[in-house]
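>>> Build me a model:
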Amino acid sequence: MSKIFAIYPIDKSTSTKFLNRINSFEVRNLTTDWHCYKIHFSDEDHDACLKASKGERFIFFMGHGGETKLCGACGRNAEMPVDSLARVENPDYYIKEEFINASNIAEFKDQILFCFSCNSNRNTPKSLGRLAIQNGIIAFVGFGDIPTDYIEGVAFSKRCIAVYKGLIIKVIKQALLLATKNSANVYSLVRLIQILTTKEIQGLLQSKARIRHKKSIVDQLVKFKNEIQIFGDRYARIA
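Here you go, the predicted structure:
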């Protein structure tokens, strides 16, 4: 049993490749205390991941998601219109739009579910965070919007996104390492993320280097740390 069981659905259509930096870092530094299940392009592998996570205490999900769901693996051509048979027979067309939702959130009963995923912080009657606690999950951690892909017309440039992604990955991988080494609780892990993010903000503001749109990056980092939401037992130990 690992202290952190990471779930990482492979997504080749909209890039989550940068998240693998977390995995590479923790493999080197946490060794056997870290296990990452990379989900490939089949329903069977998604089911196998849920089965493999049984008995683990702290589940770290990294991938796409939303208020009511966490998304699964996605092939390189998944957004193309094809029939269902093609999706089954050719992994390039495979997509699991809803991997974890109201129908199976109870699979994580008696576990801590940490969702490094967009808009997983919502607190509404149908939100995954609230349903998680209602279904026996010890604690659920969710994040707000995490802009990692350029959107036409949105004032957050590709360069800003690249800097932002680099900083939040740095924060998350360091926070997971320190929290695991110190047997932290959920609240302490979240506070560590917030403190490390504040440190990066201060570094940006004090830097003499010319960083275009520095304020935009700082604003997003402030949202990143302030929008983390804890449901359930915030003092539960992660390991």
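>>> In a helix, Tyr8, correct?
No - counting by DSSP: H, G, I helix; E, B strand; the rest coil, one finds Tyr8 to be strand, located in no helix.
>>> OK, contacts around it?
Tyr8 makes contact with Thr16, Leu19, Asn20, Asn23, Cys36, Tyr37, Lys38, Ile39, Met62, Gly63 under the criterion CB atoms under 8 Å, 6 or more residues apart in numbering. In this view, the C-beta of every residue, glycine as well, is placed from N, C-alpha and C.
>>> backbone phi and psi for Tyr37, please?
phi -100, psi 110 (degrees, to the nearest 10).
>>> now swap in Lys69 and tell me
phi -160, psi 160.
>>> and the gap between it and Ser24?
Distance of Lys69 to Ser24, computed by CB to CB, to the nearest Å: 27 Å.
>>> Burial check on Ser207, number of neighbours?
Ser207 has 10 neighbours, counted by other CB atoms under 10 Å.
>>> ok, the spatially most central residue of the chain - contacts?
Central residue of the chain (CA atoms, centre = their mean): Phe116, 2.0 Å from the mean position. Shown in contact with Phe116 (CB under 8 Å, 6+ apart): Leu19, Phe60, Phe61, Met62, Gly63, Phe143, Ile146, Ile172.
>>> Relative to Thr68, how far out is it?
In terms of CB to CB, Phe116 sits 17 Å off from Thr68.
>>> what do you get for Ser15?
Distance from Ser15 to Thr68, counting by CB to CB: 23 Å.
>>> do the same with Gly129
According to CB to CB, Gly129 stands 10 Å off from Thr68.
>>> Between those two, tell me which one has more neighbours.
Each of Gly129 and Thr68 has its neighbours counted (other CB under 10 Å); Gly129 has more, 26 against 19.
>>> Extract the CA atoms of the top helix by length along the chain and return them as CSV.
Assignment by DSSP state H gives helix 158-181 as the longest helix of the chain. This file holds the C-alpha atoms of helix 158-181, laid out as CSV (Å, rounded to 0.1, in the frame of the first residue of the first chain):
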residue,chain,number,x,y,z
LYS,A,158,-0.2,31.2,-24.0
ARG,A,159,3.0,32.5,-22.3
CYS,A,160,1.0,33.3,-19.1
ILE,A,161,-0.5,29.9,-19.1
ALA,A,162,2.9,28.2,-19.5
VAL,A,163,4.3,30.2,-16.5
TYR,A,164,1.2,29.6,-14.5
LYS,A,165,1.3,25.8,-15.1
GLY,A,166,4.9,25.6,-14.2
LEU,A,167,4.3,27.3,-10.9
ILE,A,168,1.2,25.4,-9.8
ILE,A,169,3.0,22.1,-10.6
LYS,A,170,6.0,23.2,-8.6
VAL,A,171,3.7,24.0,-5.7
ILE,A,172,1.6,20.8,-5.8
LYS,A,173,4.6,18.4,-6.1
GLN,A,174,6.4,20.1,-3.2
ALA,A,175,3.3,20.2,-1.0
LEU,A,176,2.6,16.5,-1.6
LEU,A,177,6.2,15.6,-0.8
LEU,A,178,6.3,17.6,2.4
ALA,A,179,2.9,16.6,3.6
THR,A,180,3.6,12.9,3.1
LYS,A,181,7.0,13.1,4.9
